[in-house]
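[1] what's the 3D shape of this:
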Amino acid sequence: MRNRTLTSIAAIGAVGILALSGCASDGAGGTIELGGGGGNSGGGGDKGTITLGFLPSWTDGLSTAYLLQDQLEKIGYTVEMKTLTEAGPLYTGLAQGDVDVFPSAWPEVTHAEYMKTYGESIEDLGTYYDNARLTLAVPEYSELDSIEDLAGKGSEFDGKIYGIEPGAGLTAQTQKMLPEYGLDGEYQLVTSSTAAMLTELGSATDKQDDIVVTLWRPFWANDAFPVKDLEDPKGAMGEAEGLHFLGTKGFAAEFPEAAALIEQIALDDEQYGALEDLVVNEYGEGKEADAVDAWLEEYGDQFDWVVAS
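    Numbering: from 1, shown residues only. Sure thing, here's the model as predicted:
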């Protein structure tokens, strides 16, 4: 598991290297895949072209993007994959129509501010998972059980909580949480990237050191690393929420068959966990289409909406 985890972190950290990924800049803060990656890009469908926008380091969107690509191409659409590194540009692109679908958005809590800004130009295509949540986590060997327990212990953690991208909803929610627990003068939220946070987490747990990180569920790292969620008695990290497929305004009218398929997709914990594990860990970067094929072979008969070929 440890070697596989390191490979997954390396893959997350490498997505910005365009020369190695077969991607070209679109001039708007994102990239469009030119036929690499999933292997099914540009299926030659005659029903139109749908652009999926996602952040590869956020593996819920990565996994569902390739699932959607597979299914949409099978019903006759051409699919383009547009990768970005921050949620803000993705919501902007969605609102402006540069992106047709955001395959795994958190609009209820985590991305609520983005929805206030762009919601009138976005339509909800359905919820595929209904128990997502933001967390603060420590190693399993830690004596801490609650966010409240962090008070007065800043020196044990060098006064740092390791977070992810600066523009992430998780980052904003964590910054709001700190004063709720009186931690804002004792801890600093260190932001950089998801890959960097996971590297810090892996290094600390390998050495049995103390560390606090921002995480979320569902996310493969919760099982790959020896971590536990800290209880949040004040609910400062937000309530559980659904993961949604969001479309640019007018998507369902322009692509009715695609919207009808997307609306039916719903995954439970086991189904989602298996998809993410196959895409991120078992197969990895460049073999996402194979991962989706393997997932469909195992789980496809559990759904009425799956297009077999």
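
[2] At which residues are the helices of the stretch 1-150 of the chain located?
    Assigned by DSSP state H, counting those that start in this stretch, the helices in the stretch 1-150 of the chain fall at 2-14, 18-21, 59-74, 87-96, 112-118.

[3] so for the second one, what's the average pLDDT?
    Put plainly, it is helix 18-21. This predicted structure assigns helix 18-21 an average pLDDT of 28.

[4] Can you give me the distance of Val306 to Val79?
    17 Å (Cβ to Cβ, to the nearest Å). For the C-beta atoms, the positions are set from N, CA and C on the backbone; glycine is no exception.

[5] For the two, indicate the residue with more neighbours.
    Applying other Cβ atoms under 10 Å to Val306 and Val79 shows that Val79 carries more neighbours, namely 26 against 17.

[6] is it true that the more buried one touches Gln71?
    No. Using Cβ atoms under 8 Å, Val79 and Gln71 do not qualify as a contacting pair, with a distance of 9.4 Å.

[7] okay, and for the stretch 51-200 of the chain, where does confidence drop off?
    Low-confidence regions of the stretch 51-200 of the chain, defined here as pLDDT under 70, do not occur.

[8] redo that, cut-off 90
    Low-confidence segments of the stretch 51-200 of the chain, defined by pLDDT under 90, span residues 57-58.

[9] can you tell me which strand in the chain is longest?
    Taking residue count as the measure and DSSP state E as the definition, the longest strand of the chain comes out as strand 122-139.

[10] per-domain residue ranges of the protein.
    Residue ranges for the structural domains of the chain, counted by the TED database, are given in the record as 49-132+240-301, 133-229.

[11] how about the host helix or strand of Asn222: buried residues?
    In this structure, Asn222 is located in helix 221-224 according to DSSP states H and E. Counting neighbours by 16 or more other Cβ atoms under 10 Å, one finds that the buried residues in helix 221-224 are Ala221, Asn222, Ala224.

[12] Packing partners of it?
    The helices and strands touching helix 221-224, judged by 3 or more Cβ pairs under 8 Å, 6 or more residues apart in numbering; DSSP states H and E, are helix 2-14.

[13] what is the rounded mean pLDDT of the helix it packs on?
    For helix 2-14, the per-residue pLDDT values average out at 52.

[14] Now do the contacts for the closest residue to Ala204 other than its chain neighbours.
    Leaving aside its chain neighbours, Ala204 sits nearest to Ile211 (3.8 Å; criterion: Cβ to Cβ, 6 or more residues apart in numbering). Residues counted as contacts of Ile211 (Cβ atoms under 8 Å, 6 or more residues apart in numbering) are Val138, Pro139, Phe157, Tyr162, Glu200, Leu201, Ala204, Thr205.
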